[in-house]
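Visitor: Okay, here's the prediction I keep looking at, along with the sequence it came from:
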2 protein chains.
Amino acid sequence: MYSDELLKNQLNERGLRFTPQRLKILQIFQSLPRGEHWSAEELYTKLVEQKENISMSTVYRTLHVMTNLGILRELELAEDHKHYELNRSSSEHHHHLICVQCNQTIEFTEEIIDYIGNKQAKAMGYHVLDCQLNLYGICASCQQNPQ
Amino acid sequence: MYSDELLKNQLNERGLRFTPQRLKILQIFQSLPRGEHWSAEELYTKLVEQKENISMSTVYRTLHVMTNLGILRELELAEDHKHYELNRSSSEHHHHLICVQCNQTIEFTEEIIDYIGNKQAKAMGYHVLDCQLNLYGICASCQQNPQ
DNA sequence: TAGTTTAATGAAATTAATTATCAACTGACG
DNA sequence: CGTCAGTTGATAATTAATTTCATTAAACTA
């Protein structure tokens, strides 16, 4: 889990600033159940509900900053917009199986994938931020009811 | 490699039609070097160059159809739009390592990933169309020159 | 092979997500 | 406390992608 201090340090190390808006957004993601991912729009709606005055611009900017710090992961699943979720530790880290017909999305954990991914990336001199295996296919139900 | 007949059969099986536009677009992807991926815009430009009268709507529609048939793979890499490439056989199948700072993209092959992905998907009753491992990180060069 | 049906196409209008702009504000740091 | 530079909010602008609909043409059938 990210503490306020950890977020502050991570931002300041990069010359970025620790703001109430960024903290609030991180806290919302931390409060979500494991595996739940939100769009920018959904996050904004939640902020409005909570009477937080954070603009849509700031929402988008914060999502980018936190993704580039490796705090959040940006998911491109079936929908036509991005989703974000907390980038959890390896044992809680998961991947996605997506039906291209009905958009059903199933999460699964397979630690060997992360191990191999990290190994590959490090071999190329990369500092890894996120490792995503996306499997696209047709679910059992859609195979029986085509179209 | 896809023959005209194979494309026609695959389309007709699903109640879809074999059209000159779809064939032409498949042929273009088949002519690209391994690993080269194009956006809808780039494909359209190529078609205009070749004096093919295919509309942008048809380009988008064809890309979707072929992705859902498993003929093409839809990639969401560093750029802000999708890229497409031929979905090649497993030994030529590759994954992507992307620098979130400079957008450098490196391809790599790791057959074990595809093996595990297929196993997982089949265990859930899925018919697999594509398996994509995306690794996001910061390349060696960007680690030295932050920002 | 002509006739019927229904999917596909092209052109234009439209949508939705995301990004850019810029003046005002406020963290970080000395 | 004061300065500097990054951040914010409001709005405008952009861009990729989708929808609409009249027309065209594959696929199938008699």
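Guide: Sure thing, it's come through.
Visitor: Show me what A:Tyr84 bridges to in the sheet.
Guide: A:Trp38, A:Glu74 (DSSP bridges).
Visitor: Quick check: it touching A:Glu41?
Guide: No. Here A:Tyr84 does not reach A:Glu41: they are 11.2 Å apart, not a contact under Cβ atoms under 8 Å. Quick note: C-beta positions are derived from backbone N, CA and C, even for glycine.
Visitor: Which one's more surrounded, these two?
Guide: A:Tyr84 (25 against 11; other Cβ atoms under 10 Å in any protein chain shown).
Visitor: that older thread, what sits in contact with each of A:Tyr84 and A:Glu41?
Guide: In terms of Cβ atoms under 8 Å, 6 or more residues apart in numbering or on different chains, A:Tyr84 and A:Glu41 are not both contacted by any residue.
Visitor: Does A:Lys46 lie in a helix or a strand, and which?
Guide: A:Lys46 is part of helix A:40-49, with elements assigned from DSSP states H and E.
Visitor: Contact residues of chain A facing DNA strand C?
Guide: A:8, A:11-12, A:17-20, A:39-41, A:56-57, A:60, A:64, A:80-82 (Cβ under 7 Å from any atom of the strand).
Visitor: Please confirm that A:Tyr136 is located within a strand.
Guide: Yes. According to DSSP: H, G, I helix; E, B strand; the rest coil, A:Tyr136 belongs to a strand.
Visitor: Let me see the contact set for it.
Guide: A:98, A:100, B:128-132.
Visitor: Try it again at 10 Å.
Guide: By Cβ atoms under 10 Å, 6 or more residues apart in numbering or on different chains, A:Tyr136 lies in contact with A:77-78, A:96-100, B:67-68, B:70, B:73-74, B:87, B:117, B:121, B:126, B:128-132.
Visitor: and it, bridged to which residues?
Guide: Applying DSSP bridges, one finds that A:Tyr136 bridges with A:Ile98, B:Asp130.
Visitor: and stretch A:41-58, does that touch DNA strand D?
Guide: Yes. Contact of stretch A:41-58 with DNA strand D is found when judged by Cβ under 7 Å from any atom of the strand, involving A:53-58.
Visitor: pLDDT averaged over that stretch - what is it?
Guide: Averaged across stretch A:41-58, pLDDT comes to 96.
Visitor: Regarding that stretch, how distant is the last residue from the first?
Guide: Counting by Cα to Cα, to the nearest Å, you get 12 Å between the two ends of stretch A:41-58.
Visitor: That stretch: how far from the chain's middle?
Guide: Mean-position distance between stretch A:41-58 and its chain equals 17 Å (Cα atoms, centre = their mean, to the nearest Å).
Visitor: Okay, buried residues for it please.
Guide: Within stretch A:41-58, the residues scored as buried using 16 or more other Cβ atoms under 10 Å in any protein chain shown are A:43-44, A:46-47, A:54, A:58.
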